[in-house]
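A.B. asks: predicted coordinates and the sequence they were generated for:
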Amino acid sequence: MLATDNMEAYLKINAQQRYIVMNSGTNRVLDELAKLVTDAAGAAQGVRREVETAFRGQAERLLNSMDVVQREDFDAVREMAVRARTENSALTARIEALETRLAKIEAEQTAKSAKSSSAATKSKDNS
């Protein structure tokens, strides 16, 4: 009976050791699988970055070949056009004011010369 008891104890210990070995083997497999998935995710991110960079480069080349302006350049030219329109409106108003003044001066000079002509004609008639 002693041998049987020893045998049972040995089998229990052996079964526990096998369980531990299987457990650690399973853990190792899961650890390796986790590493593999992590590495694959990192590689996928690297591929994603490379694809984005390649796509961005192709898009820039395409836009440059189409002579499309960049947003900053467009905004700068638009601002210049707005300033030019404002300045143009101010200059138009100034020209109109100067033309009005010139017309008034010309009218005054015409009136003076008409008065002096009529005065000269009257003085000839009186002589």
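C.D. replies: Perfect, I can see it now. As the structure is a prediction and not an experimental result, all values here were calculated from the model.

A.B. asks: from here on, contacts and neighbour counts on C-alpha atoms
C.D. replies: Fine.

A.B. asks: next SSE after the helix or strand of the chain with the lowest mean pLDDT?
C.D. replies: The helix or strand of the chain with the poorest confidence is helix 2-65; it has a mean of 78 (mean pLDDT, DSSP states H and E). For helix 2-65, the following helix or strand on the C-terminal side (DSSP states H and E) is helix 71-126.

A.B. asks: chain center to that following helix: distance?
C.D. replies: 46 Å (C-alpha atoms, centre = their mean, to the nearest Å).

A.B. asks: how near is the most centrally placed residue in the chain to residue 86?
C.D. replies: Centroid-nearest residue in the chain, with C-alpha atoms, centre = their mean: residue 71, separated by 6.7 Å. Residue 71 sits at a distance of 23 Å from residue 86 (criterion: C-alpha to C-alpha, to the nearest Å).

A.B. asks: equivalent analysis for residue 47, please.
C.D. replies: Distance from residue 47 to residue 86, by C-alpha to C-alpha: 52 Å.
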